[in-house]
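Student: Based on what follows, work out the 3D shape:
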Amino acid sequence: MQGIREVKRGKLYRIDLRSIDRGVATFEGSALEAHNERKRRISESKRIRPAHVLNHPRFVAVAYERFIDLQKERRDDGEIGQAEYVNKKMHGQRMCDVIFKGKPVGSHELLDLTYDDLRGPIKKSITENKRGKKELSLRTIKSNFVTIKQFFKWCVARGWLSLSPAELIKVSLVNSKPAIGRRIHPAEMAAVISAASPFYRREITFAAYTGVRAGEQVALTWDDIDLKNGYIDINKAKKKAETGHLIGTPKTSHGVREIKMTENLRQMLRKWKLEQPRSMRHKNLVFPTKTGEFADHSNWYKRGLIPACKAAEYAGGIGVERIIWKDLRNFYASVLIFSKTLADKEVAAWLGHSDSNFTYKQYARYYRDRDRDDNIINVLDDAFGTSAIKTKNLAGNE
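Tutor: Presented below is the predicted three-dimensional model:
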């Protein structure tokens with residue numbers, strides 16, 4: 001019969017509803033029942049056609065543009081942040097740019113994409129580069145498909161699809177790499193700071209000694225620095241923006257915090273405030289560009305941190321393995337965690353986290369290493385501590 005296709009003999013059929021912009025649906029029953037169901041849905045659709053269904057976008061890229069328009073409204077209303085909005089836009093662009101069957105996915109009709117298409121060649125192209133080597137981490141891939149699944153689910157809600165071709169796609173994180181980088185020894189960090197050029201040494205030192213996020217450091221003004229009492233007020237951050245610079249609140253509400261400075265850091269900032277050229281002061285920024293504008297922290301990394309790692313010598317002349325900018329925050333976190341002088345909730349507060357559970361999830365490896373080291377010390381103390389002393393005394397008495 002026209003418009004239906006048998007999937008399981010006499011039991012399951014696929015109903016073609018593309019003529020009313022409803023894609024393809026499945027129906028359990030006989031062929032006649034499937035045929036009648038198709039007629040019923042077509043008839044019902046002709047009676048009731050909501051405006052958003054009548055305005056059905058034909059191509060994937062057009063539909064995704066409307067999805068992003070909604071995300072922009074959500075961002076403007078404060079439902080989502082700028083970073084989330086930018087990521088959703090980037091995820092969709094990545095999917096739409098994939099070449100599938102000789103043309104970009106965005107140029108394909110929305111109704112033509114299937115689960116097999118998305119789960120197979122499209123997913124593979126999203127996750128791999130032209131040479132077939134993995135380009136994205138599993139966590140990034142999962143984040144991409146969370147957005148893609150949201151998009152297709154939204155299309156179903158709009159009546160543009162009868163079911164989502166992405167609904168059953170899953171990305172496992174079982175084999176994903178740890179979210180944090182390697183643990184950096186304090187002597188290694190000191191070697192990197194010493195090897196850094198004077199212009200970037202301040203930025204690197206500040207990040208390593210405070211654990212602030214890059215956007216928070218870029219937005220920092222002298223009004224936020226209490227040199228008298230030794231505190232730093234973190235209350236704003238530079239956000240990712242499509243054009244120019246956007247200064248807003250920190251990543252989360254818990255990102256608004258005060259950080260106690262070490263004495264060395266306070267002296268460095270006091271000296272820098274006195275020496276900062278007048279040409280850099282017009283926006284009152286602590287770490288501006290040479291012209292006084294908001295800095296791009298990627299330049300701190302490329303022009304400051306990478307050369308410092310190359311120039312540094314550590315542990316008897318051994319060079320320092322490259323450190324990424326986020327590792328400076330990880331270093332600060334590791335110092336707090338391994339010191340054991342702060343309660344877990346205090347560590348979370350200094351890092352700008354919502355609670356200690358979130359901090360543990362982010363830095364679980366550090367906590368495991370710390371506890372493992374404690375256990376080893378306890379075992380060694382039991383085996384070679386008191387017992388060893390007693391044995392020595394007995395031997396001496398003999």
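
Student: what's the pLDDT at the spatially most central residue of the chain?
Tutor: With distances taken as C-alpha atoms, centre = their mean, residue 140 lies nearest the centre of the chain, 7.4 Å away. Listed pLDDT for residue 140 reads 80.

Student: Following element in sequence after the helix or strand that contains it, please.
Tutor: According to DSSP states H and E, residue 140 maps onto helix 138-157. Note on helix 138-157: by DSSP H and E, the next helix or strand toward the C-terminus is helix 186-195.

Student: Check which residues of the helix or strand following that next one are buried.
Tutor: Using DSSP H and E, the helix or strand that follows helix 186-195 in sequence is helix 198-210. Across helix 198-210, burial judged by 16 or more other C-beta atoms under 10 Å covers 200-210. Any C-beta I mention is one placed from the backbone N, CA and C, and that applies to glycine too.

Student: Tell me where the stretch 151-300 of the chain is predicted with low confidence.
Tutor: 172-182, 240-245 (pLDDT under 70).

Student: Would you check that residue 193 makes contact with residue 201?
Tutor: Yes: assessed by C-beta atoms under 8 Å, residue 193 is found in contact with residue 201 at 6.2 Å.

Student: who touches both of these two?
Tutor: By C-beta atoms under 8 Å, 6 or more residues apart in numbering, residue 193 and residue 201 have these common neighbours: residue 308.

Student: measure residue 114 to residue 67 for me?
Tutor: 19 Å (C-beta to C-beta, to the nearest Å).

Student: So between those two, which is more surrounded?
Tutor: Neighbours per residue, other C-beta atoms under 10 Å: of residue 114 and residue 67, the larger number sits with residue 67, 21 against 13.

Student: From what I see, the more buried one and residue 152 are in contact.
Tutor: No: assessed by C-beta under 8 Å, residue 67 is found out of contact with residue 152, at 9.4 Å.

Student: number of nearby residues for residue 298?
Tutor: Look at residue 298: counted by other C-beta under 10 Å, it has 10 neighbours.

Student: Kindly apply the preceding question to residue 281 instead.
Tutor: 13.

Student: Just to check, it is in contact with residue 292?
Tutor: Yes: with contact defined as C-beta under 8 Å, residue 281 reaches residue 292; the gap is 6.3 Å.

Student: Of all the residues in the strand or helix carrying residue 117, which ones are buried?
Tutor: Counting by DSSP H and E, the element that carries residue 117 is helix 115-117. Residues residue 117 are the ones in helix 115-117 that count as buried (16+ other C-beta under 10 Å).
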